[in-house]
Structure formats: C-alpha cells, structure tokens
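Peer 1: Following is a predicted model, sequence given first.
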Amino acid sequence: MIKKFTDPNGGFFDTPLDGEPLLIRPKDISDNATPSGNALACEALLKIAAYTGEGKYRDLAEQALAIMGDSALRYPLGFARWLSAAENSAGSTKQIVVIGQAGEEIFDQMLRLIWSELRPGVVVAASNFPPPNEAPSLLNGRIPADGKATAYICEDFVCKLPATDPEELVTQLRT
C-alpha cells in the first residue's frame, strides 16, 4: 500500500503507481456508503504503529489525516471514518497482549473477555509462548507469569502489572 499508493502530498491515491496510465490519478477522501480508502489506510497505519512501535507508520497516518483539513468539520457525515481515525490518533492506543498456550482454559477465557465488549481504538495480540520470530513487536518480552496464561494491558508499550487471572484482567480493562 505504501509503495504503490502513497501520494507525496499526503494520503493515498485510489490507483496504484504501476496501474493503467491516467490523466489524473484519483484520490477520493470523502466517505460515502463505504469508507474511503484513505480513511481505511489511515486507520490501518495507526494500528500497525501500535503493533510494531514504528513511528514511520504513525507519521504516514498523520500526513493522511492532514488532507481532510476543514472538510470534516464542515461535512462530518461525509468523513465519519476519518473522524474515527482522528480520534484514535489523538490519544494513546490501548494495547492488549495475551501470551500462553492457545486452547488452555485461562488463555481462551481471557480472549473471550477482551472480545466480549466493543473496544474501539484497541489492538490485541495473542500468541502461544514463545511467539514466532515474525511476531509483532508488541509481543516482544512478554512472558507467561508463573507459567500461566498472562494478559498485559499497555499504552505506548508501557504495561500495567501482568494479569494471570481473568478477574484481574476485567479490573484492568475497566481502568
């Protein structure tokens, strides 16, 4: 996406760089019945930044947000997905990690608790321990406490105390 669709002036074109030659490469920024590709790309970049900790993705998302300018303030119904992305960009993204063994009762229970409510602006990474080499940075250094399935709730890669009990996890999710 970055290589083929990035507009150097911010945001993303609707056609790839190596696509059919056009007089003008289209770049629709308004949301219609479906969200614009630019708004979805912005949200994806914010989530990738939260998984990896790499600022280049957040920088690209913020450059994309800049192209909507005052349009979203004047016509908010035409920029709903953009406004959601802007809200996610404005604060810290909550990150949740569950590490242990898939299929283990507590591991699965923790995941069910996390997904039992709508949690916009939250990214979740779950893995068996040890995580694979290609796992996102969010999983790095996370270990099961006392050999039990463990949940970490973090913001900007700074985590609260690990939770090994589903009730501890519920308490931390509420704060």
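Peer 2: Arrived safely.
Peer 1: residues contacting Pro166?
Peer 2: Pro166 is in contact with Ile106, Gln109, Met110, Leu113, counting by C-beta atoms under 8 Å, 6 or more residues apart in numbering. The C-beta positions use only the backbone N, C-alpha and C, and glycine is treated the same way.
Peer 1: Tabulate those (JSON lines), appending distance to Gln95, neighbour count and secondary structure.
Peer 2: Below are those laid out as JSON lines (distance: C-beta to C-beta, whole Å; neighbours: other C-beta atoms under 10 Å; DSSP: H, G, I helix; E, B strand; the rest coil):
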{"residue": "Ile106", "distance to Gln95": "20", "neighbour count": "19", "secondary structure": "helix"}
{"residue": "Gln109", "distance to Gln95": "20", "neighbour count": "15", "secondary structure": "helix"}
{"residue": "Met110", "distance to Gln95": "14", "neighbour count": "26", "secondary structure": "helix"}
{"residue": "Leu113", "distance to Gln95": "16", "neighbour count": "16", "secondary structure": "helix"}
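Peer 1: if I look at Ser71, how far off is Pro16?
Peer 2: 25 Å (C-beta to C-beta, to the nearest Å).
Peer 1: give me the element Ile153 is part of.
Peer 2: Following DSSP states H and E, one finds Ile153 within strand 150-155.
Peer 1: ranges for the strands of this structure?
Peer 2: Secondary structure of the chain (DSSP state E): strands located at 94-100, 122-128, 150-155, 158-159.
Peer 1: Who are the packing partners of the first one?
Peer 2: With contacts defined as 3 or more C-beta pairs under 8 Å, 6 or more residues apart in numbering; DSSP states H and E, strand 94-100 has these neighbours: helix 105-115, strand 122-128, strand 150-155.
Peer 1: Which one, of the strands of the chain, ends up nearest to Ala50?
Peer 2: Using C-beta to C-beta as the measure, strand 122-128 is the one of these that comes nearest Ala50, at 4.5 Å.
Peer 1: Okay, now the sheet partners of the closest one, with direction.
Peer 2: Strand 122-128 sits in its sheet next to strand 94-100 (parallel), going by DSSP bridges.
Peer 1: Quick one: residues in contact with the partner strand.
Peer 2: 50-51, 106-107, 110-111, 114, 119, 121-129, 131, 138-139, 142-144, 148-155, 157, 159.
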